[in-house]
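Participant: here's my sequence, what's the structure:
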Amino acid sequence: MRYLHSIETTEAADFPAWQAVALADEPEEHDGTAADYGRDVLAAWIYDTDAAGITDEDGRPLLRVRVAFADDPDAFASNSDSDVAAAVECDQLAPPAPEMSALEAARERKLYLRLLGLLADQELADALRAARAVGAHSANQLADYVYPAVSRPIALRMMR
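Facilitator: This next block holds a predicted model:
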């Protein structure tokens, strides 16, 4: 899988306001999960930069990495962890237990399939609007044509 990453830091772990300090220039290929990739990237960055003070006095993380799928056009558009494939904090660098590795992989597959579904919906909507603009086919004909990929009502809404 190909991933992008953003390494982020915050001044206060109790109310973090994350700021990017390093971004991937190009997508990178990685054989493991997004979380595996994130752990590898963050550990390497900490080592390479001799980063100190990565946790506060209570041991709460002040450094994290967010990992996104390279196919995601909106990667890192928001600061929400729900918009990325994985978010790994500096206190989560140890490899997970086997059951958690399996859970990470299943979670990632679901997130990636959701992303592919969103991208496919956008492609289908664009194609429907383009076909409709030509005027050779009615909206109802086009909606019937794309069934069962999407239902007729959804296809009609995509053409708005």
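Participant: only the buried residues of stretch 22-35, if you could.
Facilitator: 22, 24, 27, 28, 30, 32, 33, 34, 35 (16 or more other Cβ atoms under 10 Å). All C-beta atoms are positioned from the backbone trio N, CA, C, and that covers glycine.
Participant: who touches that stretch?
Facilitator: 1-7, 36-37, 40, 45, 67-70, 76, 84-86, 88, 96, 101, 104-105, 108 (Cβ atoms under 8 Å, 6 or more residues apart in numbering).
Participant: swap the cut-off to 6 Å and go again
Facilitator: Contacts with stretch 22-35, where a contact means Cβ atoms under 6 Å, 6 or more residues apart in numbering, come from 2-7, 37, 67, 70, 85-86, 88, 104-105, 108.
Participant: can I get the lowest-mean-pLDDT helix or strand in the chain in PDB, CA atoms only?
Facilitator: Least confident helix or strand of the chain, by mean pLDDT, DSSP states H and E, is strand 19-23 with a mean of 94. Listed next in PDB are the C-alpha coordinates belonging to strand 19-23 (Å, rounded to 0.1, in the frame of the first residue of the first chain):
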ATOM      1  CA  GLN A  19       1.100  21.400  14.300                       C
ATOM      2  CA  ALA A  20       2.800  19.700  11.400                       C
ATOM      3  CA  VAL A  21       6.600  19.600  11.500                       C
ATOM      4  CA  ALA A  22       7.300  17.200   8.700                       C
ATOM      5  CA  LEU A  23       5.300  16.100   5.700                       C
END
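Participant: what pairs with that strand, parallel or antiparallel?
Facilitator: Take DSSP bridges as the rule and strand 19-23 pairs in its sheet with strand 2-9 (antiparallel).
Participant: same question for the partner strand, mean pLDDT?
Facilitator: For strand 2-9, the mean per-residue pLDDT is 96.
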